[in-house]
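Undergrad: Build me a model from this:
(2 chains)
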Amino acid sequence: MHFTRFSIAAAALIALAACAPPGQQAESGATATGPIKIANVNAQSGQLSSLGQWEHKGVKLAIEEANKAGGVDGRQIQLDLFDSQGDPTVGTNVARKIAAEGYIAMLGTAESAVTLAMAPILKDAKIPNITSGQSPKLADLGSPFLFLNAPTSVTFDETLAKYLVDDKGMKKIALISNNGAYGSGEHDAFLNSLKTRNITPSADEVVTPDQKDFNANLAKIREQDPEVLFIGAEEVQSGLIAKQARELGIKAVFAGGAPVGTDVYATTAGLKNAEGTIVSSPYLSNEATPEIKAFAEKYKAAYNEDARMHVAKAYDGASILIEALKQTDGEGGQKLADAIRGVKRAGLLGTYNYDANGVGIHETKIGLVKDGKVVPEAAS
Amino acid sequence: MQVFLQTLIGGVTFGAVYALVAMGFSIVYRTMGLVNFAHGSVVMIGAYAASTFYMASKLPFAVAVVVAIAVTALIGLVIERFLRPLENKDFTLMLIGTIGFGAVLEAGAVLIWGATGHAVPSPVATGPIDVAGIRIPTYSLLVIAVAAAATGLLALFLQRTKRGAAMQAVAMDHQAATAVGIHVGRSNAMAFAIGAGLAALAGSLIGPMLYVNPTMGGTLGIKGFAAAMLGGFGSMPGAIVGGLAFGLLDSFAAGNFQEYSELVTFLVFAVIVMIRPTGIFGEATVNRA
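TA: Predicted structure coming up:
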C-alpha cells in the first residue's frame, strides 16, 4: 500500500518535472518573436534619484520612438525600470536579477560606483551595458560589454585644466573632492592634468560622500586664497560645498564637471553663489545646435520639463542600443556588444566613436553658469 | 587658529541639530525604555513639512516650523497609539514596529513629495558676520539660538509642570506611577509627541543647510543616535553634550583626517563608549525589556 502511494507520488513528481522543460522551450521560442527585453537601471530613490529619473525619461523617450516606428525587426522593445537606489549592493542584486530574467541589454546607471559593481556580473552574463557613469575606472575595466555614453573624467578635466591654465593663465588652484567612485575619478584626473602643466594645487581636500559640514576643509582652502576651487563631487554635495565656501568668504571661481552644470547644483548652492561656475561638459545648452533644439522641444512636449545633459546622454545611449539591435535583428550577447562598438553616431553629446575601452566621446566643451543655467563660454 | 575657530563654528552648528535629534531619541527612551528607530524618518518628514509650508505655501519660516512640529507631533501620537497594545508585552515587536514606521514614513515621503528632493533657500537674508576673519553664518546663529531655546523650554516643562513631573515619574517607575494615578499611556504618548516635535525642529532647521530628500533621515538618525549614546542614553543634558560633542568630533575629523574622517569619528565614538558604556552623563534608565 505504502509502495503504491509512493509510486503515485513519484510518478506525479516526474510528470511535474517533465512539464518544466517544454515550458522553458516555449518561452525561448517566444523571445524570437516577442518583445525584446531591455533593463533600465537607475536610482529612483535616494540623494542621486534626480539623476536616475532624468536618465529614465531620456531612455524611455528613445525607446517609445523606436517602438512607434515599428520596433526592431517587427518586434517591440520592452523597457523595464529597476531602482538601484544609487547603491552598489542593490545594483549587484539587480544585475543578477536581470541576468536571470533574460534581459539582453542594460541602460544605466548614472552612478559610476553602481556601474562598477554591476559590470563583472553583466560581463559574465554577456549582457551589454551602456552606462552614464564617467569614472576613468569604468574604462580601465576594459570589459567588452561595458560602454560609456559620455567621455570619462579624464576628458572632462583635461578640457577644464586646459581652459583654466592654458587659456586663462590661472595657476592658484585648490581642489575639494569626495572619495566616492565619481569624486575620486575627478580628483585623480584633474590632478593629473595639472601635473602635466607643472602645477601643484594650493590645497587638496578630500571629503566623504556623506559629509555635510565642510567648514574645516574650506577654512584651510581659504587660507591659500586660490583663484579657482575645483569641486569633484555629485550635484547636491557640490552645491553644499559652493554654498558654504561663499559663506566663508572664499572668492575663488568654482569649476567642475557635469554636476556643477545642473540646476540641482545651482539651487542647492543658491543661484548667486553658483553664478560664474565654470563647467566642463559635452552638452552645454538646449539651444546649441538645431538637433539639440529639436530634441529639447520633443522632451518638453513629452514631460513638460526642460531637457538637460543627463536626459540627452541617456537618449543617446538608448539610440545607440536601438541602432545596434537593428543590426543584430534583436539578438543579444557578444554579437550585440560588437554591434554597439561599431555604431558611429552623431549624437546630442557629440560624435560617438567607441574605442577598445568602451569610451564613445572624446571631447567636452566649456560653459559658464548664468542665472542657474549653463551658457557656452564663447557666447558669454 | 582661524581654521580651528572656523571648524568649531561648523561643528557647533551641526552639533546643535544633532543635540535636538538626540533629545528626541532620549525622551522616548526615558519614558518607555524604547529606541524609536523611526526617529530619523520623522526628522526627514519634519524637514519636508517645514520646507513645503515655507516654499509652496509662502508661510514665514517660523510659522512653517511650528506647523511642521504640529504635523510630526501628530505622527508621534499615531506611532505611540499603534505600539500601545504591545507595551509591557512584546518589547522586540515594539522595536520592529518603530523600524516599520520608519520605512512607511520614507515611502510616504516619496509618494507625497517624489524621490528627488529639493533645495531650501536660507530664511535669513543677511550675510555672514565677520569676526576677525572668522565667518559666522547668521543662519548658524539662528540654529544655535533656536536649539538652545527649545532645550530650555523642554527642561522647564519636565521640571516645572505637573505633566512634566508625571512623565519623570513614569520614567523612574511606571508601576508606582500608575499606582498614584498617572496615566502611563498618556505619558508615553506625550513623550512620543515631544520627541517627534523635536525631530521636526531639527529637520526644519537643517533643511536650509542641506538638501531635503526622502533618505536624509538615515544619516541624521544615526548621528543623533550616536550623540545620544555618547551623552548617555535617556539623559537630557547628555543628549545636548553628546550632540555638540559629536558635531565637533565630526567637524574636526573632517579637517584632519580627510577621507578617513567618518572612520575616525566612529572609532573615537566606539572607544568612548567602550570606556564608559553608559555615556558621559550615564544614569540608570528605564529597561522594560
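Undergrad: In contact with the single nearest residue of the stretch 51-200 of chain A relative to chain B, which residues are there?
TA: Nearest residue of the stretch 51-200 of chain A to chain B (CB to the nearest CB) works out as A:Asn179 at 3.9 Å. (C-beta placed from N, C-alpha, C; glycine too.) With contact set as CB atoms under 8 Å, 6 or more residues apart in numbering or on different chains, A:Asn179 has these partners: A:187, A:206-209, B:259.
Undergrad: any idea how far the residue nearest to B:Tyr18 when sequence neighbours are not counted lies from B:Pro137?
TA: If you skip the residues right next to it in sequence, B:Tyr18 has B:Gly243 as its closest partner in space, 3.9 Å away by CB to CB, 6 or more residues apart in numbering or on different chains. B:Gly243 sits 19 Å away from B:Pro137, going by CB to CB, to the nearest Å.
Undergrad: Looking at these two, which is more packed in?
TA: For the pair B:Gly243 and B:Pro137, the greater number of neighbours falls to B:Gly243 (31 against 24), based on other CB atoms under 10 Å in any protein chain shown.
Undergrad: can you give me the offset of the helix or strand containing that one from its chain's centre?
TA: For B:Gly243, the enclosing helix or strand under DSSP states H and E is helix B:236-257. Centroid separation between helix B:236-257 and its chain, computed with CA atoms, centre = their mean, to the nearest Å, is 14 Å.
Undergrad: need the next SSE after that helix, C-terminal direction.
TA: Tracing the chain past helix B:236-257, the next element assigned as helix or strand by DSSP H and E is helix B:261-275.
Undergrad: Stretch B:53-64 - what's its average pLDDT?
TA: Predicted confidence along stretch B:53-64 averages 93 (mean pLDDT).
Undergrad: so what's the backbone phi/psi at the residue nearest the centre of chain A?
TA: For chain A, the residue lying nearest the average C-alpha position, counting by CA atoms, centre = their mean, turns out to be A:Ser132 (1.9 Å). Here the main-chain torsion angles of A:Ser132 (degrees, to the nearest 10) amount to phi -100, psi 0.
Undergrad: what's around the residue nearest to it when sequence neighbours are not counted, how many residues?
TA: Closest residue in space to A:Ser132, ignoring its immediate chain neighbours: A:Ala110 at 4.4 Å, by CB to CB, 6+ apart. Residues lying near A:Ala110 (other CB under 10 Å) number 29.
Undergrad: Mind checking what secondary structure A:Ala110 has?
TA: Reduced to three states with DSSP: H, G, I helix; E, B strand; the rest coil, the structure at A:Ala110 is coil.
Undergrad: tell me the contacts of it?
TA: A:42-43, A:48, A:51-52, A:54-55, A:131-133, A:310, A:314.
Undergrad: Any idea which of the residues you listed the model trusts least?
TA: Within these, pLDDT reaches its minimum at A:Leu48, with 75.
Undergrad: Do you know the pLDDT at A:Ala9?
TA: 55.
Undergrad: wait, I meant B:Gln258
TA: At B:Gln258, the pLDDT value in this model is 87.
Undergrad: Setting the sequence-adjacent residues aside, check what's closest to it.
TA: Nearest-residue entry for B:Gln258: A:Val206, 4.4 Å, with adjacent residues in sequence omitted and distances by CB to CB, 6+ apart.
Undergrad: hang on, that neighbour packs against A:Asp188?
TA: No. With contact defined as CB atoms under 8 Å, A:Val206 and A:Asp188 do not form a contacting pair (11.0 Å).
Undergrad: Looking at the two, which is more packed in?
TA: Here A:Val206 and A:Asp188 are set side by side on neighbour count (other CB under 10 Å), and the busier one is A:Val206, at 21 against 18.
Undergrad: Specify the local secondary structure of the more buried one.
TA: When classified by three-state DSSP, A:Val206 comes out as strand.
Undergrad: next one: A:Gly133
TA: Classification of A:Gly133 using three-state DSSP returns coil.
Undergrad: How about A:Ser285?
TA: Each residue gets one of three states, and A:Ser285 gets coil by three-state DSSP.
Undergrad: surely it meets A:Val374?
TA: Yes. In this structure, A:Ser285 is within contact of A:Val374 by CB under 8 Å, at 6.1 Å.
Undergrad: between these two, what contacts are shared?
TA: Listed as contacting both A:Ser285 and A:Val374 by CB under 8 Å, 6+ apart are A:Gly367.
Undergrad: Among those two, which residue is more densely surrounded?
TA: A direct count of neighbours by other CB under 10 Å for A:Ser285 and A:Val374 places A:Val374 higher, at 28 against 21.
Undergrad: Does the strand or helix carrying that one pack against any helices or strands, and if so which?
TA: Element membership for A:Val374, per DSSP H and E: strand A:373-376. Strand A:373-376 sits against strand A:365-370, with contacts defined as 3 or more CB pairs under 8 Å, 6 or more residues apart in numbering or on different chains; DSSP states H and E.
Undergrad: pLDDT on stretch B:72-92, on average?
TA: pLDDT averaged over stretch B:72-92 equals 89, rounded to a whole number.
Undergrad: Quick one: neighbours of residue 221, just the number.
TA: Just so you know, I chose chain A. Count around A:Ile221 with other CB under 10 Å applied: 25.
Undergrad: Can you look at chain B instead?
TA: A count of neighbours around B:Gly221, defined by other CB under 10 Å, yields 24.
Undergrad: Just the pLDDT at residue 32, thanks.
TA: No chain was given, so I picked chain A. What the model reports for A:Ala32 is a pLDDT of 64.
Undergrad: sorry, should have said chain B
TA: Value for B:Met32, per-residue pLDDT: 83.
Undergrad: Spell out which parts of the stretch 101-250 of chain B neighbour chain A.
TA: Among all residues of the stretch 101-250 of chain B, those adjacent to chain A (criterion: CB under 8 Å from any CB of the partner chain) are B:110, B:115-119, B:121-122, B:127-128, B:130, B:135, B:137, B:209-211, B:213-216, B:219, B:247, B:250.
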